[in-house]
Structures are given as structure tokens and as C-alpha cells.
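*Asks:* Quick check, what structure comes out for this input:
(one chain, ligands or ions: 2)
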Amino acid sequence: MKEGVNAVKLLDIWKIYPPNEAVLRGVNLEVSIGSFISIRGKSGVGKSTLLRIIGLLDEPTKGRVFLLGNDVSEMNDDEASKMRLNHIGFVFQFFNLIPSLTILENIELPMALAGVKGEIRKRRAMELLERFELSKLADKLPSQLSGGEQQRVAVLRALANKPDIILADEPTANLDEENSEILLDLFKEINREELVTIILTTVSVEEKLPTNHDYLLKNGKLYQMR
Ligand SMILES: Nc1ncnc2c1ncn2[C@@H]1O[C@H](COP(=O)(O)OP(=O)(O)O)[C@@H](O)[C@H]1O
Ligand SMILES: [Mg+2]
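*Replies:* Numbers count the residues shown, from 1 in each chain. Ligands and ions are numbered 1, 2, ... in the order given. Sure thing, here's the model as predicted:
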């Protein structure tokens, strides 16, 4: 990781879906390393589109993306995949655990994709579960867990490859208030202790978040609220 650079920097990002739906209309953002920010906005304003662009799952129509000081437009597909796998963790609205794999295997999966050997990845997955007091879930299947537990496991899976940045797209949307609070505490702990930069989206304008800064996405533009 380079010193003195932002985790994420966006310069005049536009996204126009064919034929002419301009969802993002010149988004600028600088997220410093180790910060925890939220992007709030109503359904359909382009939050997922923006996170997909930051996470290299989609390309902007126009504008430049920098991740950890690297200009994404200069990366080939292979470099972009490596950046995604080794530096970015994703958490989605619908937990997205693989139903046929145990909890331990689900957490091992990103490490397997990154080529980490069996014993090492098993140990790291177990360590993550122990550290966050979820080891009793190791051998269960996702369907045997509550929604709150599944989402906490999804966060540990996002942590598996020791990412610099976690992108969490409406992670609390399908959780009740109590489980939302537990999940937000988990993000805060990870942010503090592992210095992972976190960008989280939510449709709620009033939900209290343990973030350093909050932004509002509206009419294709991003406004800093705090
Ligand atoms: N792949 C796509 N093709 C065409 N339009 C899309 C695509 N993805 C999203 N959109 C449109 O872009 C707008 C923003 O979507 P999205 O980023 O999912 O918003 P949010 O996550 O804030 O609900 C919506 O009007 C949606 O229909
Ligand atoms: Mg969305």
C-alpha cells in the first residue's frame, strides 16, 4: 500500500445506461485510508452502480477511478481482477453465502480463489470465526443460521483476504434493528482494529451510523452531509 494516498478517489464519474439514463452525473469523492463512510440515497439513485464502479465490477461511462493510488483505467483485466480479489471485500444486501458450503468453507472461498493453500486458509477462517465469537457456526450450513448471523459471516468472508477496502451495499436492509446494530458494531470494530476502509450504503436518511463521514447521492451527484 502506498503512503499518502486515498483509499478511493473518484473524479467526475458518469454512468449512462443505454439508451440515455444518466444515473451518475459527475460524482467526485475522496476516501482516506482507514475511514468509514456512508452513502445514503433513495432506492434507484445509483448507490449499487457507484459501489460496483468502485469495486471494479463495472466501468464508468466517463471519469477516473483511483484505488490505493492506482489509476484503474491503466489496469488490464488481469490486474483489475487481482486488485479486486486482494484489496477489496464485498458485502451485499442478500447475504449471498453459498448454500451448499459450510460456514467455514464459505469464509475459505475467497482465499481459495486467491490460491491460498488448504490448511492455511482453514486456519485463517477458523481464527476469524473465533475472534468474532462465531466459531460454533463453523460446520453449519447458511440455511441453519439467522439472517443476522449470515450477514456477520458474510462480513468475515469479505475480510478473508485481508482487504484494504470493504464495500457494503445496503448490508442492513434485510436485518431488524438489533441485528443492524450488531452488524454496524462489527464494521466499526473492523474499521478500527484492522484499519480497513469501509464504504457502506443505506436507503435510510436517519439510521445512526458509526461513520466518520456521510454522503447523500441525489440526482446523480454526491453531497457531503457530515
Ligand atoms: N445494468 C443496468 N442496465 C440498465 N440500467 C440499470 C442497470 N443497473 C442499474 N440500472 C438503473 O440505474 C438506476 C440506479 O440503479 P442502482 O444503482 O441499482 O440504484 P440503487 O442501488 O441506489 O437502488 C436504476 O434506475 C436502475 O434501473
Ligand atoms: Mg442498490
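*Asks:* For the rest of this, base every contact and every neighbour count on C-alpha atoms.
*Replies:* Fine.
*Asks:* So which bits of the chain are right by ligand 1?
*Replies:* Within the chain, the positions adjacent to ligand 1 are 17, 23, 43, 44, 45, 46, 47, 48, 49 by Cα under 6 Å from any ligand atom.
*Asks:* Do you have the helices of this structure handy? List them.
*Replies:* Per DSSP state H, the chain carries helices over the ranges 47-54, 77-87, 103-113, 118-131, 147-159, 177-194.
*Asks:* closest to residue 95 out of those?
*Replies:* Evaluated over the helices of the chain, closeness to residue 95 peaks at helix 147-159, with 5.3 Å, by Cα to Cα.
*Asks:* Direction-wise, compare that closest one with helix 118-131 and give the angle.
*Replies:* Orientation check (axes from the mean of the first three to the mean of the last three Cα atoms, to 10 degrees): helix 147-159 against helix 118-131 gives 130 degrees.
*Asks:* Including distance to residue 71, could the helices of the chain go into TSV?
*Replies:* Conversion of the helices of the chain to TSV gives the following (distance: least, Cα to Cα, whole Å):
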stretch	distance to residue 71
helix 47-54	12
helix 77-87	10
helix 103-113	24
helix 118-131	30
helix 147-159	23
helix 177-194	24
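*Asks:* Redo these as CSV? Include mean pLDDT and mean neighbour count.
*Replies:* Listed next are the helices of the chain as CSV, based on pLDDT from 0 to 100; neighbours: other Cα atoms under 10 Å:
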stretch, mean pLDDT, mean neighbour count
helix 47-54, 98, 21
helix 77-87, 94, 16
helix 103-113, 97, 23
helix 118-131, 97, 16
helix 147-159, 97, 23
helix 177-194, 96, 16
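*Asks:* who wins for proximity to residue 94 among those?
*Replies:* Taking the helices of the chain one by one with Cα to Cα, helix 147-159 is closest: 8.2 Å.
*Asks:* and that closest one, what other elements does it pack with?
*Replies:* Judged by 3 or more Cα pairs under 8 Å, 6 or more residues apart in numbering; DSSP states H and E, the packing partners of helix 147-159 are strand 88-91, helix 103-113, helix 177-194.
*Asks:* Identify the residues contacting residue 69.
*Replies:* Contact analysis of residue 69 by Cα atoms under 8 Å, 6 or more residues apart in numbering lists 2, 5, 6, 7, 8, 9.
*Asks:* With respect to per-residue confidence, which of the residues you listed is lowest?
*Replies:* On pLDDT alone, residue 2 ranks lowest of the contacts of residue 69, at 54.
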